[in-house]
Every structure is written in structure tokens, then in C-alpha cells.
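**Q** Here is a sequence together with a model predicted from it:
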Amino acid sequence: LQEGVRRLEPLMHGSAMTHITRDMLKSLSIRLPPLVVQCAIADYLDRETARIGALIAAKRRMVELLHERAVAFVEGAAMQEGWQWVSLNHVIQRIEQGWSPQCDARVPDDGEWGVLKVGCVNGGFFKPSEVKALPSEISPRVEYIVNDGDLLMSRANTRELVGSAAVVEGARERTLLCDKLYRIRLDESKAQPRFVSLWLQTVAVRSQMELEATGASDSMQNIGQDTVRRIVVPLPDIRQQRTFVRRCDDDRSQNSLIIDSIQKQVSLLQEHRQALITAAVTGQVDVPEAA
């Protein structure tokens, strides 16, 4: 059936969402082997795709464990070093909230203005590609230009992602802060943005933000500035903070290489699963039970 639908693709129409008509679907012809062979193929694919699915799940779990290990590395440092804990209110100079005009649903071209999406900080890493194009007829509010080194936090998101934070690195030119993001300005003589962003990803801080988040549904939760200011983090001197960030960066670099390799393996397994399905239903592979 999937192969048949691919044959219909040139006939599909629609601007935002392509579709096929009932008559087009009725005219579709597919090869049907005997029922006993169909059942054998279905049983074979159930077994093989389940096996591949289990491998994919195991590899994804490995990625989760690597992320958990990175967080545990951060959390364990404060206990080992005996650092003093303070609330962020002691080192925050101001918190800014961005601007969210109606944007185009596309990435801006070179030279165009863009507004960040809230997902640009998901996972604790800044993603410069998570940006929407600002229509040319809307004047940009330049006070919201995002620069490298800015500490950003999502103030509105799902319960699992609200409060996600990252420091901007590799920001494209003409990118603006959106309304669903906070920009946290720190007294950098006392607290480094990269050091603070690492602690904002720990289990204790995430639990506090999820607990204090408010909203009518889990799909859209909000945290206020008071919640951000109450967050407690360890705060050694600036030299120790920089040293710790370098250690974490080295650890993350090693993890990233492993994670990239695992994700490539997952993509190959997904491709193999689809190829196996196609081969089985088109008779390109021998199904033992059908022999």
C-alpha cells in the first residue's frame, strides 16, 4: 500500500497539506499474495520489526543514561567541593522577557530578521536554527537582539521543558528574543552564565521549576521571575567556576561523540526496518513460514 501511495504522489494536490481523493484511492492497485502467505509475512515482520524496535529502544536508553551521567557529574561536584549555596536573586541584575510578533513559519534567509522559538534552549544546548522569520513589514525591536553569552531560559513550555536554559553560542545575526524566553542578566563578577546554566539542568532545580510551574494544561506551563530568583545554586569563586565549566565541557565533548555515533546507528536501524518491510511485502526476501 505504501508503494502504491508513492505512485500517487505526482497526482496529490493541496498547498499547506497535500491529499488524495477517495476515487484516487479506489483506483489504486496492489499485489495480494494468498492469504496464508500474507499471514506468514505479517508474522515475520512482527518478529523482525519488534527485534529492531528493541535495539532502537536500547540505544535511545543509552543516550538518556549519558545525559543523566552528565547531570550527575555536575551535581556531585558541589558535594565534593563543599561550595557555598546561594539563591540566584543574589547574582541576578535583571530578567528580560522577549517579544513575539506574528512570524512566518520558515527559517529567515541571510540578512532577514528572525525571532527565536522557545525550543532553542531545550536540552541545555542553544540551537540557533530554532528561529522564525520576521515579516519584512514589521520593524524589529532591536533591544531584544540576542548575543553570544546571553543566558536564556524558557518561561513557558511543557512541564518537562519549562525552565530549560542554555547560554547562546553561535547566534545568527539579526535574531531577537521571543516572549516565551527569559534573558537572565547576571553580575558576572560573581556568577558565570555557563556555570549557572549547568546547574539549571540538575534534577533538584528541574524539580523545583516543575513544582512551581503553573498553567491550565501540561502542554503549556509557565514559571514566573520570582521562581527563577529563588533557585538555589552553589557558587564558588569565578576562577573555580571557569575551571569547572572546562571540566564539564570536556566531559560533554566525549559524550557528544558517543551520542552522535548512537544516533547514526538508530537512523540506520530505522532505515533497515523500512527496507525490510518493503522487501518482505514485495517478495524480495524469503519468509520461512511461507515456504
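**A** On my side now, so go ahead. Numbers count the residues shown, from 1 in each chain.
**Q** And the pLDDT for L65?
**A** If you check L65, the pLDDT there is 86.
**Q** Also S256?
**A** 81.
**Q** And for D286?
**A** Model confidence at D286, expressed as pLDDT, equals 77.
**Q** Near it, how many other residues are there?
**A** By other C-beta atoms under 10 Å, 10 other residues sit near D286. C-beta coordinates here come from the backbone N, C-alpha and C atoms, glycine included.
**Q** Name the residue closest to the centre of this structure, please.
**A** Computing the C-alpha centroid of the chain and ranking residues by C-alpha atoms, centre = their mean puts N122 first, at 4.9 Å.
**Q** Report whether G163 is found in a strand, as I expect.
**A** No - assignment of G163 by DSSP: H, G, I helix; E, B strand; the rest coil gives coil, placing it outside any strand.
**Q** ok, it - contacts?
**A** M153, S154, R155, N157, L200, V205, R206, M209, E210, A213, I223 (C-beta atoms under 8 Å, 6 or more residues apart in numbering).
**Q** Past the worst-scoring helix or strand of the chain on mean pLDDT, which element shows up next along the chain?
**A** When the helices and strands of the chain are compared on mean pLDDT, DSSP states H and E, helix 2-8 comes out lowest with a mean of 56. Downstream of helix 2-8, the next assigned helix or strand under DSSP states H and E is helix 22-26.
**Q** and that following helix, how far out from the chain's middle?
**A** Its chain's C-alpha centre and that of helix 22-26 lie 38 Å apart, by C-alpha atoms, centre = their mean, to the nearest Å.
**Q** Which secondary structure elements does it sit against?
**A** If you count contacts as 3 or more C-beta pairs under 8 Å, 6 or more residues apart in numbering; DSSP states H and E, helix 22-26 packs onto no helix or strand.
**Q** Which helix or strand lies directly C-terminal to it?
**A** Per DSSP H and E, the first helix or strand lying C-terminal to helix 22-26 is helix 35-81.
**Q** which secondary structure elements does that next one contact?
**A** Short answer (3+ C-beta pairs under 8 Å, 6+ apart): helix 35-81 packs on helix 203-212, strand 232-234, helix 238-281.
**Q** ok, now with 6 Å
**A** helix 238-281 (3 or more C-beta pairs under 6 Å, 6 or more residues apart in numbering; DSSP states H and E).
**Q** which strands and helices sit next to the helix it packs on?
**A** If contacts are counted by 3+ C-beta pairs under 6 Å, 6+ apart, helix 238-281 sits against helix 35-81, helix 193-199.
**Q** Include distance to K264 and mean neighbour count when you put those into TSV, please.
**A** Output for those, formatted as TSV (distance: least, C-beta to C-beta, whole Å; neighbours: other C-beta atoms under 10 Å):
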stretch	distance to K264	mean neighbour count
helix 35-81	10	14
helix 193-199	27	22
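**Q** Could you export those helices as JSON lines, including distance to R22?
**A** Below are the helices and strands packed on helix 238-281 laid out as JSON lines (distance: least, C-beta to C-beta, whole Å):
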{"stretch": "helix 35-81", "distance to R22": "24"}
{"stretch": "helix 193-199", "distance to R22": "53"}
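**Q** And the ones you listed: which comes nearest D260?
**A** Set against D260 and scored by C-beta to C-beta, the helices and strands packed on helix 238-281 come closest in helix 35-81, at 10.0 Å.
**Q** C-terminal to the closest one, what's the next element?
**A** Downstream of helix 35-81, the first helix or strand assigned by DSSP H and E is strand 85-87.
**Q** Averaged pLDDT, that following strand. What do you get?
**A** According to the model, strand 85-87 has a mean pLDDT of 90.
**Q** Name every strand pairing with it and say which way it goes.
**A** strand 232-234 (antiparallel) (DSSP bridges).
**Q** Give me the average confidence score over the partner strand.
**A** Per-residue scores along strand 232-234 average to 89.
**Q** buried ones in that strand?
**A** By neighbour count on 16 or more other C-beta atoms under 10 Å, the buried set for strand 232-234 is V233, P234.
**Q** tell me the mean pLDDT for stretch 216-223?
**A** What stretch 216-223 shows for mean pLDDT is 81.
**Q** which other residues reach that stretch?
**A** R155, A156, T158, R159, V162, G163, M209, A213, T214, G215 (C-beta atoms under 6 Å, 6 or more residues apart in numbering).
**Q** and with 8 Å instead?
**A** Contact with stretch 216-223 is made by 155-159, 162-163, 209-210, 212-215, as judged by C-beta under 8 Å, 6+ apart.
**Q** Weed out the non-buried ones from those residues.
**A** R155, A156, N157, T158, R159, V162, G163, M209, E210, E212, A213.
**Q** any chance of those in JSON lines, with pLDDT too?
**A** Shown next, in JSON lines, are those (pLDDT from 0 to 100):
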{"residue": "R155", "pLDDT": "92"}
{"residue": "A156", "pLDDT": "89"}
{"residue": "N157", "pLDDT": "90"}
{"residue": "T158", "pLDDT": "88"}
{"residue": "R159", "pLDDT": "85"}
{"residue": "V162", "pLDDT": "89"}
{"residue": "G163", "pLDDT": "90"}
{"residue": "M209", "pLDDT": "85"}
{"residue": "E210", "pLDDT": "83"}
{"residue": "E212", "pLDDT": "86"}
{"residue": "A213", "pLDDT": "86"}
